[in-house]
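Predicted structure and sequence below. I'll ask about it afterward.
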Amino acid sequence: MSDKTMSAEEAVSRLESGMTVGIGGWGSRRKPMALVRALLRSPVTDLTVVSYGGPDVGMLAAAGRVRRVVAAFATLDSIPLEPHYRAARERGAFELTEVDEAMFLWGLRAAAHRLPFLPVRAGVGSDVMRVNPGLRTVTSPYEDGETFVAMPALRLDAALVHVNRADRRGNGQYLGPDPYFDDLFCEAADAAYVSCERIVDTAELTKEGPPQSLLIKRHTVTGVVEAPQGAHFTSCAPDYGRDEAFQRVYATTPWPQFAARFLTGDERAYRAAAGEAT
């Protein structure tokens, strides 16, 4: 079996401007922030970002790296609306495709199964069809004749996700209360890069959680990055909770100052600066 370990910089070096990149996690929970920070240190731009949005979307949008966002929301959880995302959206910095959470999920499922679309009830009768005029409906060919939204597949050039544990082959394990659909992001992508709190031997993966917690399968993974505290400042339960103090710093600091203070160096410099800030 191949060893897929690499650094965050090596993973990001495989991304190209103009790609469609899916980012796992949910709001301000278990986001692959070490990979996002590495992406911000790279020259990659003009991205389409597909995400249940949190600070990943906020940072990339504020930095001018995003051409289009596909999302169901952009939140910091304890802060309802991601402020840097909001500021970038209000100044028209990117295009937005906003859909219902279930529609987003079905788009990932369609991509994972290499289908062009999947029918979904979510969105029927709502303004999601008005604000997304490109969406179409389909009618059941059976006796019920029900009308559904035809949610198009959210195909990804690359996916970035963060989990609690992984082995060198690409098997990924979550230990917290929710998988956040990270497996679908990996399955929907042509290449998937998984960061983790700790790389362990394959046999050790079932010591902390049951086989069902082995969410991500190695055949869907291109690279594995060991990144302790790699979801900071978002949560990565049970390893650590959200750093609310630092999240407040992020939310209340104008983007140029935040980027200059926290994002000009490597991960070691980031952790040192974050520690000083709180």
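Received it, and whenever you're ready, just let me know what you need. None of the values given here were measured: they were computed from a predicted structure.

tell me which residues form a beta bridge with Ala150?
Beta-bridge pairing of Ala150 under DSSP bridges involves Pro119, Arg136.

That one against Arg136, yeah?
Yes. Using C-beta atoms under 8 Å, Ala150 is in contact with Arg136, at 4.8 Å. (Each C-beta comes from the backbone N, C-alpha and C, glycine too.)

Give the residue from these two that has the larger number of neighbours.
Taking other C-beta atoms under 10 Å, Ala150 and Arg136 do not tie; Ala150 has more neighbours (17 against 12).

which residues touch that one?
Ala150 makes contact with 117-119, 135-138, according to C-beta atoms under 8 Å, 6 or more residues apart in numbering.

looking at those residues, which has the most residues close by?
Leu118 (21 neighbours).

which stretches of the stretch 151-278 of the chain form helices?
182-187, 205-208, 244-252, 255-262, 267-277 (DSSP state H, counting those that start in this stretch).

do the stretch 1-150 of the chain as well
8-13, 33-41, 55-62, 83-90, 101-112, 128-131.

Just the buried positions in the fifth one, please.
Residues of helix 101-112 classed as buried by neighbour count (16 or more other C-beta atoms under 10 Å): 103-112.

What of the first one?
Of the residues in helix 8-13, those with enough neighbours to count as buried (16+ other C-beta under 10 Å) are 8, 11-12.

Touching that helix from outside, list them.
34-35, 37-39, 41-42, 44, 160, 193, 195, 223, 225, 227, 267.

Can you give me the end-to-end span of stretch 244-260?
21 Å (C-alpha to C-alpha, to the nearest Å).

Same check on stretch 193-207?
Across stretch 193-207, first to last residue, C-alpha to C-alpha, it's 24 Å.

just stretch 172-180 next, same as before
13 Å.

hang on, the earlier thing: TSV please, covering the contacts of Ala150 and showing distance to Ala71 and pLDDT.
Formatted as TSV, the contacts of Ala150 follow (distance: C-beta to C-beta, whole Å; pLDDT from 0 to 100):
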residue	distance to Ala71	pLDDT
Phe117	19	98
Leu118	18	98
Pro119	21	98
Leu135	15	96
Arg136	20	96
Thr137	22	97
Val138	24	97
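
Closest one of the residues you listed to Pro256?
Lowest distance from Pro256 to those (C-beta to C-beta) belongs to Leu135, with 36.7 Å.

Show the contacting residues for that closest one.
Leu135 touches 123, 128-129, 149-152, counting by C-beta under 8 Å, 6+ apart.

Now do the contacts for Gly209.
Gly209 neighbours (C-beta under 8 Å, 6+ apart): 173-175.

Would you show me how to pick out the buried ones of the contacts of Leu135 in ChimeraX?
Here is the ChimeraX selection string for the buried members of these, based on 16+ other C-beta under 10 Å:
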select :123,128,149,150,151,152
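
Which single one of the contacts of Leu135 is nearest to Asp239?
Looking across the contacts of Leu135 and measuring by C-beta to C-beta, the closest to Asp239 is Met151, at 33.5 Å.

Of the contacts of helix 8-13, which is the nearest to Leu214?
Ser195 (16.4 Å).

Quickly note the distance from the closest one to Asp182.
According to C-beta to C-beta, to the nearest Å, Ser195 stands 11 Å off from Asp182.

Check Pro43 too.
Look at Pro43 and Asp182: by C-beta to C-beta, they are 27 Å apart.

what about those two, which has more around it?
Ranked by neighbour count (other C-beta under 10 Å), Pro43 and Asp182 place Asp182 first, with 27 against 8.

in terms of contact, does the more buried one touch Gly25 like I think?
Yes. With contact defined as C-beta under 8 Å, Asp182 counts as touching Gly25 (7.2 Å).
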